[in-house]
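J.: Let's see this in three dimensions:
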Amino acid sequence: MMKSKADEEDYWNSSKFKAFTFDDEDDEFTKLKESRQAVNSICGLVEEEEDEDEVEKVSWSGEPVGSISWSVRETASSLREQSFPKIDTTPSLPKNSSGYSLSSLFKGKTKSFQSFSEVLSDSSVRLYAPELRKPKSEYKDYVSDWSPEETVHRMQQGKAVSLEKFRSLQEKLLLLDEAVGVHDGNVITAVLIYLKKSLSKEVLFRELESRQTALRHFIHYLTESKEQRLLLELYRALGRTEDEALLQYKEHLRITDENKRRDFLKSCVSLPFSPEDAGHVQDHYTLLERQIIIEATDRQAETGGKVEIFQKFPRRASILNMPLITTLYYCCFYHYAETEGTYSSPANIRQTFRIAEKQYFVTALAARAKLKAWHDVDALFTSRNWLGFTRKKSPLSFSRVADILSKNNAPVQVLQEYVGLVDDVELRVALAQKYKCHFIVISTYRDLKDRQLLLGYRGKVERGSEEERKIDELLSNPQIRWKN
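T.: Residues are numbered from 1 along each chain as shown. Take a look at the predicted model:
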C-alpha cells in the first residue's frame, strides 16, 4: 500500500537525507555521494512497500539487472576482482548533474553520463566478456553423429568415441566390417566388446561365423580374459568339437589335488578329440595314475630307511605331475634293475609310452652316469651279433656320448674308451686333447705314421709320465715306417 501525501511530506521533513539542488555550493563529490545515499534509501523504501514482482531492479549504474550491458559490466568486474589486477575504469563524472532520476529507478530507464559504446571505445576501460559459443560445426569432435568409417578412423587416432549410437544390427555389423577392413586389432577388439554387450550370444555367434578374422580376434579376447564358459558356448555353436574338448581338457591345470586331477583326466578321455590328441590325453591319464602309485611306494620306502639308494641319494622333489622323460629318468635312477612287470621299471615305462630308442638311451645313460654306475653304462653299448661276438653300438654318436660322460665327471679311463670309437680322425684327436685322453692321441698319430706330430705332442705330456714313455717307445721302434 502506498503512503499518503501527508506521510511522504513527514518522511522528507524527518529524514536525515535532504534533497539536493543544483544551486548547492557544497563540494560536487559530496553532493554526488549524498545523491547516491538518497537513491539507496528510496530503493529500500520501495522494496519494503512494493511487491518485488512489480519493481524492476536496477544496478547502481542505472541499467536494469540482467540487461546485456549490465551482464558485460558485471562479468568484467568479477573477472577483474578474481583473476586480474584492478584497473581504474571509473569514468570522469560530469559536473552539471548526477545523471540519475527517480523515473529511471522505477521504469528501468537511465540518463547515463556515458554511453555503452563510449565505454567500449574508451582505451582506459578493459572489459572481459565471456567467449561466445562456437558454431556446432566446430564442435564435431564432441558429438556422436559420425558414420562407421569416421568412428573407426577416430578410434585409430585414439580419440574418444561413443558406440551406443549404433543401435540396429545392420549398423553394428557395418561398424565391425569397417574395423576389420582397417586391419587394426585394437579397434576390432573394441568393437567386438561392444557387440558382446549389445547383442545376444546367438546372433553374435552366427554373424562371427562368416567373419573369420573377427572370429579369431574374439576367440583370442575370450582366451586372454579367461571367459571359459562363453568360449565353450562359442565352440559348441560353431560345431568345433575338438576345440571344445581341448578347452575342457585344459581345466586340469586348475586342479591341485592329484587324485581329483587323475579322475578329471579319466573323464576327458571320452571327449571328442582328434585321434592324435586322444592318444596324448590317454597317456597323460596313465602317466599320472602310475606316478601316484610310484610316489606312494617310494615315500614309504624312503621313510622306512631300508632301501640303500634312497638313503644315499635322497629324493629332492615329488614325481607327481612331472613330464614323461623326467619320470623315465627318475625310474632309471632309482629303479633301474627292476623287472619289466613293475610300474616303476624303466623298460615297462618305455614300452607303455612307446618311447623311442634314442630318447630312452640318452635318458638312461645320463641317469646311470650320474650314479657313476659305469658297468651299467658299458652294458648300454654292448650288443651281440648272431655269432655271439660283442661290440660297441650306440644310437648316439660317440662324440655325444663322450660329452654326456664328461658332464657327469666320468674318469679318463671311461672317456677314452668311447672317444677312441669316434670315426672322424680330426674330431677324435680334438676330443682326446679336450678330455686329456693322451693315449688316444698317441695311438692316432702312430696309425697316421706322423713322426713330427708325435714329437710335437711329446712336449705336451707330463715329463716322466707313462704317456711320455709310450711316445719314446714308438719313436724308437724300427718297424714303424714314418711318413716324415
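J.: what's the next secondary structure element after the strand or helix carrying Val429?
T.: Here Val429, judged by DSSP states H and E, is contained in helix 425-434. The helix or strand immediately downstream of helix 425-434 is helix 438-448, counting by DSSP H and E.
J.: Can you list the buried residues in whichever helix or strand comes after that next one?
T.: Past helix 438-448, further along toward the C-terminus, the next helix or strand under DSSP H and E is helix 451-458. Within helix 451-458, the residues that qualify as buried are Arg451, Leu453, Leu454, Tyr457, Arg458, counting by 16 or more other C-beta atoms under 10 Å. For every residue, glycine as well, the C-beta is placed using N, CA and C.
J.: now for the longest helix along the chain, which elements pack on it?
T.: Using DSSP state H, we find that the single longest helix of the chain is helix 275-304. If contacts are counted by 3 or more C-beta pairs under 8 Å, 6 or more residues apart in numbering; DSSP states H and E, helix 275-304 sits against helix 241-249, helix 258-268, helix 308-312, helix 324-334, helix 346-352.
J.: Might one say that Gln228 is in contact with Leu247?
T.: Yes - Gln228 is in contact with Leu247 according to C-beta atoms under 8 Å; the separation is 6.7 Å.
J.: quick one, which of these two is more surrounded?
T.: Neighbours of Gln228 and Leu247, each counted by other C-beta atoms under 10 Å, are more numerous for Leu247; the result is 18 against 15.
J.: Tell me the pLDDT of the more buried one.
T.: pLDDT for Leu247: 93.
J.: Distance-wise, check it relative to Leu231.
T.: 6 Å (C-beta to C-beta, to the nearest Å).
J.: and what of Ser399?
T.: Counting by C-beta to C-beta, the gap from Ser399 to Leu231 is 49 Å.
J.: returning to what we had before: deepest in the core, which of the helices and strands packed on helix 275-304 is it.
T.: helix 324-334 (a mean of 20; mean count of other C-beta atoms under 10 Å).
J.: quick one: contacts of it?
T.: 283, 287, 290-291, 294, 298, 309-310, 313, 315, 319, 322, 338, 344-346, 349-350, 353, 355, 359-360, 363-364, 366-368, 370-371 (C-beta atoms under 8 Å, 6 or more residues apart in numbering).
J.: how far off helix 275-304 does it point, in degrees?
T.: Angle, helix 324-334 to helix 275-304, by axes from the mean of the first three to the mean of the last three C-alpha atoms, to 10 degrees: 30 degrees.
J.: got the contact list for Glu467?
T.: Residues near Glu467 by C-beta under 8 Å, 6+ apart: His438, Phe439, Ile442, Val461.
J.: List buried residues within the residues you listed.
T.: By 16+ other C-beta under 10 Å, the contacts of Glu467 give His438, Ile442, Val461 as buried.
J.: just curious, which of these is nearest to Ile471?
T.: Ile442 (6.0 Å; C-beta to C-beta).
J.: Do I have it right that the closest one meets Tyr457?
T.: Yes - Ile442 is in contact with Tyr457 according to C-beta under 8 Å; the separation is 7.0 Å.
J.: list residues touching both of these two?
T.: Common neighbours of Ile442 and Tyr457, using C-beta under 8 Å, 6+ apart, are Ile471.
J.: just to revisit the earlier point, give me the buried entries from the contacts of helix 324-334.
T.: Here, 16+ other C-beta under 10 Å leaves 287, 290-291, 294, 298, 310, 319, 322, 344-346, 349-350, 353, 355, 360, 363-364, 366-368, 371 buried among the contacts of helix 324-334.
J.: Below-threshold pLDDT in this protein: ranges please.
T.: Within the chain, the stretches with pLDDT under 70 are 1-144, 386, 388.
J.: Helices of the stretch 101-250 of the chain, start to end?
T.: Along the stretch 101-250 of the chain, counting by DSSP state H, counting those that start in this stretch, helices occupy 102-107, 116-121, 148-156, 169-181, 185-198, 201-209, 212-224, 228-238, 241-249.
J.: Export those helices to JSON lines and append columns for distance to Val425.
T.: JSON lines is the format used below for the helices of the stretch 101-250 of the chain (distance: least, C-beta to C-beta, whole Å):
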{"stretch": "helix 102-107", "distance to Val425": "124"}
{"stretch": "helix 116-121", "distance to Val425": "107"}
{"stretch": "helix 148-156", "distance to Val425": "65"}
{"stretch": "helix 169-181", "distance to Val425": "63"}
{"stretch": "helix 185-198", "distance to Val425": "57"}
{"stretch": "helix 201-209", "distance to Val425": "65"}
{"stretch": "helix 212-224", "distance to Val425": "55"}
{"stretch": "helix 228-238", "distance to Val425": "60"}
{"stretch": "helix 241-249", "distance to Val425": "52"}
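J.: out of the ones you listed, which comes closest to Asp472?
T.: Comparing these by C-beta to C-beta, helix 241-249 comes nearest, at 69.7 Å.
J.: residues in contact with the closest one?
T.: By C-beta under 8 Å, 6+ apart, the list of residues contacting helix 241-249 reads Gln228, Leu231, Leu232, Tyr235, Arg236, Cys268, Leu271, Pro272, Phe273, Ser274, Asp277, Val281.
J.: The nearest residue to Glu233 once chain neighbours are set aside and Val191, how far apart?
T.: Nearest non-adjacent residue to Glu233, counting by C-beta to C-beta, 6 or more residues apart in numbering: Lys201, 6.4 Å away. Look at Lys201 and Val191: by C-beta to C-beta, they are 17 Å apart.
J.: what does Ala364 give?
T.: Taking C-beta to C-beta, one finds Ala364 at 56 Å from Val191.
J.: swap in Ile471?
T.: When Ile471 is compared with Val191 (using C-beta to C-beta), they lie 81 Å apart.
J.: These two: which has the busier surroundings?
T.: More crowded of Ile471 and Val191, by other C-beta under 10 Å: Val191, with 26 against 21.
J.: Grab the nearest non-local neighbour of the more buried one.
T.: Of all residues not flanking Val191 in the chain, Ala179 sits nearest, at 4.6 Å (C-beta to C-beta, 6+ apart).
J.: for Ser394, same thing?
T.: Phe381 (5.5 Å).
J.: ok, Ala237 - how many residues close by?
T.: 16.
J.: which ones are touching it?
T.: When contacts are counted by C-beta under 8 Å, 6+ apart, Ala237 touches Lys201, Glu202, Phe205, Arg206.
J.: Pull out the buried members of the residues you listed.
T.: Buried among the contacts of Ala237 by 16+ other C-beta under 10 Å: Phe205.
J.: Any chance of TSV for the contacts of Ala237, columns distance to Tyr334?
T.: Written out in TSV, the entries for the contacts of Ala237 read as follows (distance: C-beta to C-beta, whole Å):
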residue	distance to Tyr334
Lys201	53
Glu202	56
Phe205	52
Arg206	57
